[in-house]
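Student: 3D, please:
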Amino acid sequence: MTTDSHPSSTTSRPTRTPWAAVVTLALGIFTIVTLEQLPIGVLTLISTGLATSDATIGLGVTIPGILAGLCAAFVPRLSGQLDRRIVMASAMFAAAISATASAFAPSPALFLGSRIIVGFAIGVFWALLGSTASAIAAPGELSKALTLAFSGAAGAVVLGVPLSTWVGALLGWQGAFLSGAVIAALVGFTLLFVLPPVPATGEASLHDLRRALSIPGVRYGVIFTLVLVTSHFLAYTYASPILQDLAGISAAAVGTMLLIYGLAGLIGNFLAAPLLNRSIRFAVILLPIGLLTGMLTLATTHGALPAALAMALWGTFGGGMSVISLGWVMSSAGRLTEPASGLNSAAFNIGIACGAFAGGMIETRGSASVLMTAAVGMVCAALLGWFGASKKI
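Tutor: Numbers count the residues shown, from 1 in each chain. Predicted structure coming up:
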């Protein structure tokens, strides 16, 4: 899920890695991705508070996801020669402003308008995270620095929504957004102090993006990411009404269920790497099948314990999405890892947006329809994995 992951060969390497800066970058991507997905965790609270439908509030995930996806592949070029420290901190401040505006939005229209800002902020921060972490890492610690920096993104995908649901239950949905705004601003200020100046490392060209897409393995992998993530977030965006309508879970207990999902997702995140090392093709086929099984189990259960087990199964495989999808694309990209990872990042964010939008359209027909449609998408993703993972060149 990186975009600009290799520094220029002309850039001098530091002798020591500023680990405080790397940790702050990880906190930054965790915070900003959590803000992207925050409406999922407090969906029904916002729709009730603003007297509108769940589908309308679901657009609050669609809008920033589309903008982030469109930005991700082009930010390194558009940001020119600006110091990446300033750009990254500014993205965090923009996210804080967006979250504050969301918290005080008096109407659905203004709420959705406030989400535009965070979309651009996500696109900027995510696109430059890899090159920034690479630029400050000592030569022998490059992979370790990148792994740590991007652990924040993986953590946000699996823990961001449960955390926002928990905060929303304690402080209300406005309190959840304001808490996110405060954290984003603190991370922005911390970056200004702990991150050394990071000059631009060059511009990615449109020609490189086309070359990356010409590689069958990259092309299939990017489409796989788009289909997989769209199908997942089609259902996950509406996990709260699904749990209440199908599993008979109370609104107060939804946060606990999503926390179970998140904790299982962390386990799945760590299991994804050894699974990839065993066989990429096996991993990309097993992943959608596992997600499908979790969704179908949830659709056919009723009661707290069966629902918790279904959420744990769903979360275990959900936690591996970012690692496995990126691993497939990177294994096929050869020397074009930078543009290929940008395309994968764009597909992931657009998938979040498309899933939220499609789920909102289908949710009006009932929660069972949402899960069944997501299940069809997972079957398509499994077929893509079956036919596409063997195409490396």
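
Student: what sits against the residue lying closest to residue 224 once chain neighbours are set aside?
Tutor: The shortest distance from residue 224 to any non-neighbouring residue, by Cβ to Cβ, 6 or more residues apart in numbering, is to residue 384 (4.5 Å). Where C-beta positions appear, they are placed from N, C-alpha and C, glycine not excepted. If a contact means Cβ atoms under 8 Å, 6 or more residues apart in numbering, then residue 384 has 220, 223, 224, 227, 284 as its contacts.

Student: now with 7 Å?
Tutor: Residue 384 makes contacts with 220, 223, 224, 227, as judged by Cβ atoms under 7 Å, 6 or more residues apart in numbering.

Student: likewise residue 253?
Tutor: By Cβ under 7 Å, 6+ apart, the neighbours of residue 253 are residue 304.

Student: pLDDT score for it?
Tutor: Residue 253 carries a pLDDT value of 82.

Student: likewise residue 7?
Tutor: Predicted confidence (pLDDT) at residue 7: the value is 43.

Student: Ok, residue 201 next?
Tutor: Looking at residue 201, its pLDDT is 53.

Student: got it, and residue 115?
Tutor: Per-residue confidence (pLDDT) for residue 115: 93.

Student: now the residue nearest to residue 224: how far from residue 283?
Tutor: As for residue 384, its distance to residue 283 is 13 Å (criterion: Cβ to Cβ, to the nearest Å).

Student: could you give the mean pLDDT of the helix or strand harbouring the residue nearest to residue 224?
Tutor: Secondary-structure assignment from DSSP states H and E places residue 384 in helix 367-388. Over the span of helix 367-388, the pLDDT mean works out to 90.

Student: Can you point out the buried residues in it?
Tutor: Within helix 367-388, the residues that qualify as buried are 367, 370-375, 377-378, 380-382, 384-385, 388, counting by 16 or more other Cβ atoms under 10 Å.

Student: Next: stretch 43-54.
Tutor: 43, 44, 45, 46, 47, 50, 52, 54.

Student: Residue 174 is in contact with the third one, correct?
Tutor: What that stands for is residue 45. No: no contact is recorded between residue 45 and residue 174 when judged using Cβ atoms under 7 Å, the distance being 9.1 Å.

Student: What about the contacts of residue 384, which are in helices?
Tutor: 220, 223, 224, 227 (DSSP state H).

Student: Which one of these is nearest to residue 270?
Tutor: Taking Cβ to Cβ as the measure, residue 224 is the one of those closest to residue 270, at 21.6 Å.

Student: Give me the contacts around stretch 351-365.
Tutor: Residues external to stretch 351-365 that are found in contact with it (Cβ under 7 Å, 6+ apart): 54-55, 58-59, 61-62, 65-66, 69, 225-226, 229-235, 237-238, 241, 369-370, 373.

Student: Please put the alpha-carbon coordinates of it into CSV.
Tutor: Listed in CSV are the C-alpha atoms of stretch 351-365, where the atom choice follows Å, rounded to 0.1, in the frame of the first residue of the first chain:
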residue,chain,number,x,y,z
GLY,A,351,-12.1,0.1,-3.3
ILE,A,352,-13.0,1.5,0.2
ALA,A,353,-15.0,4.2,-1.5
CYS,A,354,-16.8,2.0,-4.0
GLY,A,355,-17.6,-0.5,-1.3
ALA,A,356,-19.1,2.1,0.9
PHE,A,357,-21.1,3.6,-1.9
ALA,A,358,-22.4,0.3,-3.3
GLY,A,359,-23.3,-0.9,0.2
GLY,A,360,-25.3,2.2,0.8
MET,A,361,-27.3,1.6,-2.4
ILE,A,362,-27.9,-2.1,-1.5
GLU,A,363,-28.5,-1.5,2.2
THR,A,364,-31.9,-0.1,1.5
ARG,A,365,-32.9,-3.6,0.5
